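> Structure, please.
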Amino acid sequence: MASTATVPQEENNEEVKQKNVIADGRNRRVLQDIGNFVNERAAQGKKPITEGVAAVAQALKRGGGAVTKVVVAQRKVVDKLKHETVIVISSDEKTEKSRNVARREESSRKEVRTLTSILSAQSKAVCGLTNKPKDSIEDIDGADVGNELAVTEYVDDIYKFYKLTEDEGRVHDYIDLQPDINAKMRSILMDWLIEVHRKFDLMPETLYLTMNIVDRFLSMKVVSRKELQLVGISAMLIACKYEEIWAPEVNDFVFISDNAYVREQVLAMEKAILDKLEWYLTIPTAYVFLVRYIKASIPSDDKMEDLVFFLAELGLMQYPTVVLYCPSMLAAAAVYAARCTLDKSPLWSETLKHHTGYSEDQLLNCAKLLVKFHSTASESKLKAVYRKFSTPDRCAVALLSPAKSLLSNHCGELF
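Model prediction:
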């Protein structure tokens with residue numbers, strides 16, 4: 001009795017499932033081609049496939065043998081349909097007409113000039129940008145499109161902002177305001193800081209920020225000769241905290257200065273510097289421009305890069321260079337002087353002119369100064385930069401012959 005009671009229940013469940021399948025099949029009118037195919041078969045007096053599904057449901061009521069017969073018959077119908085040619089009803093003429101209409105609309109859109117495009121074109125014409133040969137300006141960011149850290153969508157705007165704001169952190173003539181310090185003492189301090197930077201194996205950004213912090217603080221506050229080194233190590237401590245992942249500790253700077261100062265003095269000077277600068281540390285130093293301009297100097301290699309940094313650090317060592325030239329011009333002049341030293345052709349390309357914003361004539365005086373420093377580096381008593389770039393890991397660029405085309409006697413008049 002138990003077994004006979006369960007059989008009708010299973011049959012009822014299967015029947016409900018099949019009815020749901022049939023109902024779902026009726027609602028699934030997704031592709032027009034399938035609908036065309038089914039209608040065409042019905043018009044020819046042949047049974048649609050859905051009738052076979054209903055037959056299976058009816059066979060379930062009659063028993064297993066009937067189901068088998070229906071399934072076999074259904075397979076024969078499917079096999080027969082596979083070998084028949086299916087004609088898909090579609091209007092090629094309508095498709096072609098829609099394509100032509102889309103092309104006409106697209107061409108009409110191209111001909112329409114918006115007010116924004118007109119104003120942009122007029123603005124470029126006034127600035128003289130339309131006369132630039134676009135083909136001669138190479139895309140230096142094309143290889144970094146997939147690199148999210150390169151921010152290729154915004155990098156040009158970022159450097160435009162750097163150039164607009166670089167004067168805010170620029171150092172102006174201050175040496176006459178310091179009764180106990182002169183330009184030579186400043187160079188000695190910078191030479192020592194370059195050695196400290198190298199011993200601690202710090203990031204290059206840290207060195208350039210340190211130099212800027214020292215100069216800006218000296219331009220705001222009178223410092224005695226005994227405190228000058230204290231200003232240097234405190235400025236580097238601040239720059240390390242800003243740029244480095246693992247910054248040296250205060251005791252490391254006390255030790256490197258041969259215990260000339262105690263910990264409390266370093267912390268007090270650090271606080272004094274930050275108060276005077278009003279915590280304004282996010283400034284475009286020469287380093288940010290050097291990285292960009294080296295990239296625009298095509299072709300560029302390790303030798304070219306090291307030579308540019310060598311010339312730039314020689315320039316930052318000297319007080320007149322820092323006062324006379326802004327960071328972007330110093331960086332561009334270092335690239336130009338390096339290309340002249342390595343006999344690159346052309347010496348100044350349209351790509352470099354586009355990204356730096358400087359012409360060859362504008363950079364000539366600064367480049368001559370840098371080459372002058374290069375020619376006297378081996379004989380100078382301050383040899384930190386020279387030793388740093390004489391090693392094989394820096395391609396020994398300090399040992400290269402200076403660019404003779406840029407050497408002139410008038411450079412020495414500034415000293």
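> residue boundaries of the helices in the stretch 301-415 of the chain?
302-317, 319-324, 327-341, 350-356, 360-376, 384-388 (DSSP state H, counting those that start in this stretch).
> got these as a markdown table, with mean pLDDT and mean neighbour count columns?
To be clear about C-beta, it is placed using only N, CA and C from the backbone, and glycine gets the same treatment. Shown next, in a markdown table, are the helices of the stretch 301-415 of the chain (pLDDT from 0 to 100; neighbours: other CB atoms under 10 Å):
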| stretch | mean pLDDT | mean neighbour count |
| --- | --- | --- |
| helix 302-317 | 95 | 24 |
| helix 319-324 | 92 | 19 |
| helix 327-341 | 95 | 27 |
| helix 350-356 | 91 | 20 |
| helix 360-376 | 94 | 21 |
| helix 384-388 | 95 | 20 |
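> Quick one: closest of the ones you listed to Tyr159.
helix 350-356 (7.5 Å; CB to CB).
> elements contacting that closest one?
Judged by 3 or more CB pairs under 8 Å, 6 or more residues apart in numbering; DSSP states H and E, helix 350-356 is in contact with helix 286-296, helix 327-341.
> So which of these is nearest Lys221?
helix 327-341 (22.1 Å).
> For that closest one, output the C-alpha coordinates as PDB.
Provided in PDB are the C-alpha atoms of helix 327-341 (Å, rounded to 0.1, in the frame of the first residue of the first chain):
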ATOM      1  CA  PRO A 327      64.400  74.700  -9.900                       C
ATOM      2  CA  SER A 328      62.800  74.000 -13.200                       C
ATOM      3  CA  MET A 329      65.400  76.000 -15.100                       C
ATOM      4  CA  LEU A 330      68.300  74.400 -13.200                       C
ATOM      5  CA  ALA A 331      66.900  71.000 -14.100                       C
ATOM      6  CA  ALA A 332      66.400  71.800 -17.700                       C
ATOM      7  CA  ALA A 333      69.900  73.300 -17.900                       C
ATOM      8  CA  ALA A 334      71.400  70.200 -16.400                       C
ATOM      9  CA  VAL A 335      69.700  68.100 -19.100                       C
ATOM     10  CA  TYR A 336      70.900  70.400 -21.800                       C
ATOM     11  CA  ALA A 337      74.500  70.500 -20.500                       C
ATOM     12  CA  ALA A 338      74.500  66.700 -20.200                       C
ATOM     13  CA  ARG A 339      73.300  66.300 -23.800                       C
ATOM     14  CA  CYS A 340      76.100  68.700 -24.900                       C
ATOM     15  CA  THR A 341      78.700  66.700 -23.000                       C
END
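> so it versus helix 286-296, what angle?
40 degrees (axes from the mean of the first three to the mean of the last three CA atoms, to 10 degrees).
> Specify the angle between helix 327-341 and helix 302-317 in degrees.
Using the same axes, to 10 degrees: helix 327-341 against helix 302-317 is 130 degrees.
> Tell me which other helices or strands helix 327-341 touches.
helix 286-296, helix 302-317, helix 350-356, helix 360-376.
> Can I get these in JSON lines including distance to Arg198?
Converted to JSON lines, the helices and strands packed on helix 327-341 look like this (distance: least, CB to CB, whole Å):
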{"stretch": "helix 286-296", "distance to Arg198": "16"}
{"stretch": "helix 302-317", "distance to Arg198": "11"}
{"stretch": "helix 350-356", "distance to Arg198": "28"}
{"stretch": "helix 360-376", "distance to Arg198": "19"}
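> if we compare those helices, which one ends up closest to Tyr325?
Once those are compared by CB to CB, helix 360-376 is nearest, at 5.0 Å.
> now the stretch 51-200 of the chain, which segments are flagged as low pLDDT?
Across the stretch 51-200 of the chain, residues meeting the criterion (pLDDT under 70) sit at 51-135.
> can you do 90?
51-159, 163-173, 176 (pLDDT under 90).
> For the helices and strands packed on helix 350-356, give me TSV that also has distance to Glu379.
Formatted as TSV, those follow (distance: least, CB to CB, whole Å):
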stretch	distance to Glu379
helix 286-296	25
helix 327-341	18
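> Now do the domain split for this structure, please.
2-83, 166-277, 286-414 (automatic domain parsing).
> Packed most tightly, which of those domains would that be?
domain 286-414 (a mean of 19; mean count of other CB atoms under 10 Å).
> quick one: which helix or strand includes Pro284?
Using DSSP states H and E, Pro284 is not contained in any helix or strand.
> Spatially nearest residue to Leu382, not counting backbone neighbours?
Asp191 (4.0 Å; CB to CB, 6 or more residues apart in numbering).
> Leu307 versus the one you found, what's the distance?
20 Å (CB to CB, to the nearest Å).
> how about the CA coordinates for the host helix or strand of the residue nearest to Leu382, as PDB?
Assigned by DSSP H and E, Asp191 belongs to helix 183-199. Extracted as PDB, the C-alpha positions of helix 183-199 are listed here (Å, rounded to 0.1, in the frame of the first residue of the first chain):
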ATOM      1  CA  ALA A 183      78.400  81.500   0.500                       C
ATOM      2  CA  LYS A 184      81.600  79.400   1.000                       C
ATOM      3  CA  MET A 185      80.400  78.200   4.400                       C
ATOM      4  CA  ARG A 186      77.100  77.200   2.900                       C
ATOM      5  CA  SER A 187      78.900  75.200   0.200                       C
ATOM      6  CA  ILE A 188      80.900  73.400   2.900                       C
ATOM      7  CA  LEU A 189      77.700  72.500   4.700                       C
ATOM      8  CA  MET A 190      76.100  71.200   1.600                       C
ATOM      9  CA  ASP A 191      79.200  69.100   0.700                       C
ATOM     10  CA  TRP A 192      79.000  67.500   4.100                       C
ATOM     11  CA  LEU A 193      75.300  66.900   3.900                       C
ATOM     12  CA  ILE A 194      75.800  65.000   0.600                       C
ATOM     13  CA  GLU A 195      78.300  62.800   2.400                       C
ATOM     14  CA  VAL A 196      75.800  62.100   5.200                       C
ATOM     15  CA  HIS A 197      73.100  61.500   2.700                       C
ATOM     16  CA  ARG A 198      75.300  58.900   0.900                       C
ATOM     17  CA  LYS A 199      76.300  57.200   4.200                       C
END
